[in-house]
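Asks: Coordinates only, no sequence provided:
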DNA sequence: TTGAAAGCGGTACCAT
DNA sequence: ATGGTACCGCTTTCAA
């Protein structure tokens, strides 16, 4: 099984230095000479040295791992999966592991063995977030946290959701669609994102003097629930487009719209504000916002690492590498690369 | 920040015993008297003691973490997300963290800080799996591994995919459908699962003296690619049902089938061998196999933990908590609970 | 710039 | 059934 691990003492013997020096050369704050550092690094590589995180954590206070927490309700969406793997990649770049937190991970009182945590779409009242906050773990959120958590959060990263929603609506308008309806998520998923896009829709309608027609439904809506929401949203006869907020809704809406004689195309516009790669980004009939989750997750981890390292960062950070793929534009295979 | 943690020494002082006794009372093999154990447990609870895992691991040689690896191509499917969170829960029950491995996590020579790894749907030629094998990390796979990896794998857990596929086909037959077509995944995703269900289909056709009509397409098929595969599979005029293997294909196929005048219902059967909760399990028109990924992930971790602990286990383990939800049967909200 | 020694909080081993 | 003590591998503190 796992061969006995090489320790810094062995490296020290090999290069004829003390273990203190070796420790510093490998992890410390650069008090050793460059020449020594290089020698130590070479020996470490040769011997196949691996830091013993338990030991490091026991004495010092860094763990070498970040945590990620995703609310259970949101797990249906591969956005979060991609985000998580982007975060894992980013963590590796910071020489840290990424630990996946389950909500009910507290089988008896456990401590979080991480240097910081990334909370994605933090939802009000989530007990796990409260535990994280109580534990005093440096926390970065993707999406703005609820009031109650604001003090526990060191920094936030978010995509410009309001702008994106407005741009999508403007685009629909340019295409000649005059009255877009809206289907969003209900209070079960009261994230800042859900709030932003809904508000953007209402504001846009006010600007364009259009009567809003919005419906909410559960994030994990069944066919019936989504069907009801979509039909209700597009019920007014002059509605000539539909904007769906959560990932996958727009793709699933196509069939529903057919069933009420709204054929997506020149006569009826369809847009998705958070898009699924296979059903929405790759479907040319849909105007789709690509939130680039993998890259998003990676940048979120970069922010977390900076916060932990004490580097100054603004509280609110924008993730800009998003894109709108307009209906009719070619698609390629999205998210195919790592 | 993190308040200073209570140690066993403090408990020892409190109850007037040695730290050895306290340690044994809390974790050890029951060499202390029940009365003492109770007293210690009470004191621990009162003081809010939480085991310091780093310290514990330092003396032993365990890391206190399991790894999970999911092939990038498969990430579109929330099956894996649920599986991962079930695994995270199971890990917590074993007092371990769950580390998410990204394929290209090796930014420099990092080593895997885990006691073992869970590889889900291990694909032939995956360099990450090779690295894990080379590292000599105890490995359990969900789904049988490719030949080249067999020696590196300590145990396998899998659902009875062949049986499930046969049962689904039998059910379709009982419903009066005579010639089911099949859409599976292509070689990009050459997992044992993909192989099993495809072979089951062919075998079933042979048994029932039916001409198979099978098509493969990429796991991350675009609308066009899936459309082409489905249309091709159901092209023979006597095809009166469709069985889709990968998660989400059946749900997406409904609209495609409509476009070629095959209306899912009494006249045309549709089944999914790995089902998406919102689009397939909740859709009563589809006969859907529920692979119960959360529970699956949890059991897979249990197996991994047993293997690491040296408990004897068979090489091949079956995950039986699967279910077939037949068309017409009521659905409930699947996967809603944690 | 480097080294020696003292821990961190448990567990293992040997005594009693 | 309980206690004493060395020690896991690393970081920190203090000295040189």
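Replies: Yes, it's here. Predicted, not measured: the structure shown is a model, and the values here were computed from it.
Asks: Could you verify my assumption that residue A:254 touches residue A:272?
Replies: No. Residue A:254 is beyond contact range of residue A:272, at 10.7 Å (criterion: C-beta atoms under 8 Å). Bear in mind the C-beta positions are built from the backbone N, C-alpha and C, glycine included.
Asks: Which residues are in contact with residue A:6?
Replies: A:44, A:47, A:48, A:49, A:50 (C-beta atoms under 8 Å, 6 or more residues apart in numbering or on different chains).
Asks: Name the SS class of it, please.
Replies: Counting by DSSP: H, G, I helix; E, B strand; the rest coil, the backbone at residue A:6 sits in coil.
Asks: Neighbour count for residue A:254 and residue A:272, which is higher?
Replies: Applying other C-beta atoms under 10 Å in any protein chain shown to residue A:254 and residue A:272 shows that residue A:272 carries more neighbours, namely 28 against 23.
Asks: Spell out which residues sit in contact with the more buried one, please.
Replies: Listed by C-beta under 8 Å, 6+ apart, the contact partners of residue A:272 are A:243, A:244, A:247, A:249, A:250, A:251, A:280, A:286, A:287, A:288, A:289.
Asks: So which of the residues you listed are in helices?
Replies: If you go by DSSP state H, the contacts of residue A:272 have A:249, A:250, A:251 in helices.
Asks: what's the pLDDT at the first one?
Replies: It stands for residue A:249. At residue A:249, the model reports a pLDDT of 96.
Asks: Could you check how far the closest residue to it other than its chain neighbours is from DNA strand C?
Replies: The shortest distance from residue A:249 to any non-neighbouring residue, by C-beta to C-beta, 6 or more residues apart in numbering or on different chains, is to residue A:183 (5.9 Å). According to C-beta to the nearest atom of the strand, to the nearest Å, residue A:183 and DNA strand C sit 51 Å apart.
Asks: ok, then the element right after the one helix or strand residue A:183 maps to?
Replies: Residue A:183 belongs to strand A:180-185 when assigned by DSSP states H and E. Per DSSP H and E, the first helix or strand lying C-terminal to strand A:180-185 is helix A:192-207.
Asks: tilt between that next one and strand A:180-185?
Replies: Put simply, helix A:192-207 runs at 160 degrees to strand A:180-185, going by axes from the mean of the first three to the mean of the last three C-alpha atoms, to 10 degrees.
Asks: elements contacting helix A:192-207?
Replies: helix A:161-174, strand A:180-185, strand A:214-217 (3 or more C-beta pairs under 8 Å, 6 or more residues apart in numbering or on different chains; DSSP states H and E).
Asks: so of these, which one's packed in deepest?
Replies: With neighbours taken as mean count of other C-beta atoms under 10 Å in any protein chain shown, these reach their highest mean count in strand A:180-185, at a mean of 26.
Asks: any idea of the mean pLDDT in that one?
Replies: Strand A:180-185 carries an average pLDDT of 97.
Asks: What strands flank it, and is each parallel or antiparallel?
Replies: Sheet pairing of strand A:180-185 (DSSP bridges) gives strand A:214-217 (parallel), strand A:241-244 (parallel).
Asks: Any residue of the following helix or strand past the first one touching chain B?
Replies: Elements were assigned by DSSP H and E; along the chain past strand A:214-217, the next helix or strand is helix A:223-233. Yes. When contact is scored as C-beta under 8 Å from any C-beta of the partner chain, part of helix A:223-233 falls within range of chain B: A:223, A:224, A:226.
Asks: what stretches of chain A score poorly on pLDDT?
Replies: Counting by pLDDT under 70, chain A contains low-confidence residues at A:1-4, A:104-109, A:331-338.
Asks: and stretch A:117-130, does that touch chain B?
Replies: No. Using C-beta under 8 Å from any C-beta, stretch A:117-130 stays clear of chain B, with a minimum separation of 10.9 Å.
Asks: Now do the buried residues in that stretch.
Replies: Residues A:117, A:118, A:119, A:120, A:121, A:122, A:123, A:126, A:128, A:129 are the ones in stretch A:117-130 that count as buried (16 or more other C-beta atoms under 10 Å in any protein chain shown).
Asks: hmm, who's touching that stretch?
Replies: A:66-71, A:73-74, A:80, A:83, A:87, A:101, A:103, A:105, A:132, A:137-149, A:153, A:189-193, A:297, A:300-301, A:304.
Asks: quick one: the residue in the stretch 101-250 of chain A that DNA strand C sits nearest to and residue B:144, what's the gap?
Replies: Closest approach between the stretch 101-250 of chain A and DNA strand C, counting by C-beta to the nearest atom of the strand: residue A:111, at 9.9 Å. Separation of residue A:111 from residue B:144 (C-beta to C-beta, to the nearest Å): 37 Å.
Asks: who's more crowded, those two?
Replies: Taking neighbours as other C-beta under 10 Å, residue A:111 and residue B:144 compare with residue B:144 leading, 21 against 14.
Asks: Please verify my assumption that the more buried one contacts residue B:156.
Replies: Yes. With contact defined as C-beta under 8 Å, residue B:144 counts as touching residue B:156 (5.4 Å).
Asks: overlap in contacts of those two?
Replies: What both residue B:144 and residue B:156 touch, as defined by C-beta under 8 Å, 6+ apart, is the set residue B:316.
Asks: hmm, back to that, just the buried subset of the contacts of residue A:6, please.
Replies: A:44, A:49, A:50.
Asks: Report the spatially closest residue to the last one, excluding sequence-adjacent ones.
Replies: Right, the one you point to is residue A:50. Using C-beta to C-beta, 6+ apart, the closest residue to residue A:50 is residue B:111 (4.0 Å).
Asks: helix, strand or coil for the one you found?
Replies: At residue B:111, secondary structure determined by three-state DSSP is coil.
Asks: I figured it was touching residue B:135, is that so?
Replies: Yes. In this structure, residue B:111 is within contact of residue B:135 by C-beta under 8 Å, at 6.9 Å.
Asks: out of the helices and strands packed on helix A:192-207, nearest to DNA strand D?
Replies: With C-beta to the nearest atom of the strand as the criterion, DNA strand D lies closest to helix A:161-174 of the helices and strands packed on helix A:192-207, at 39.7 Å.
Asks: helices or strands up against the closest one?
Replies: Packing partners of helix A:161-174 (3+ C-beta pairs under 8 Å, 6+ apart): helix A:192-207, strand A:241-244, strand A:269-272, strand A:286-290, strand A:323-325.
Asks: now do 10 Å
Replies: strand A:180-185, helix A:192-207, strand A:241-244, strand A:269-272, strand A:286-290, strand A:323-325 (3 or more C-beta pairs under 10 Å, 6 or more residues apart in numbering or on different chains; DSSP states H and E).
Asks: Please report the number of neighbouring residues for the nearest residue to residue A:52 once chain neighbours are set aside.
Replies: Leaving aside its chain neighbours, residue A:52 sits nearest to residue A:5 (6.6 Å; criterion: C-beta to C-beta, 6+ apart). Neighbourhood size, residue A:5 [other C-beta under 10 Å]: 14.
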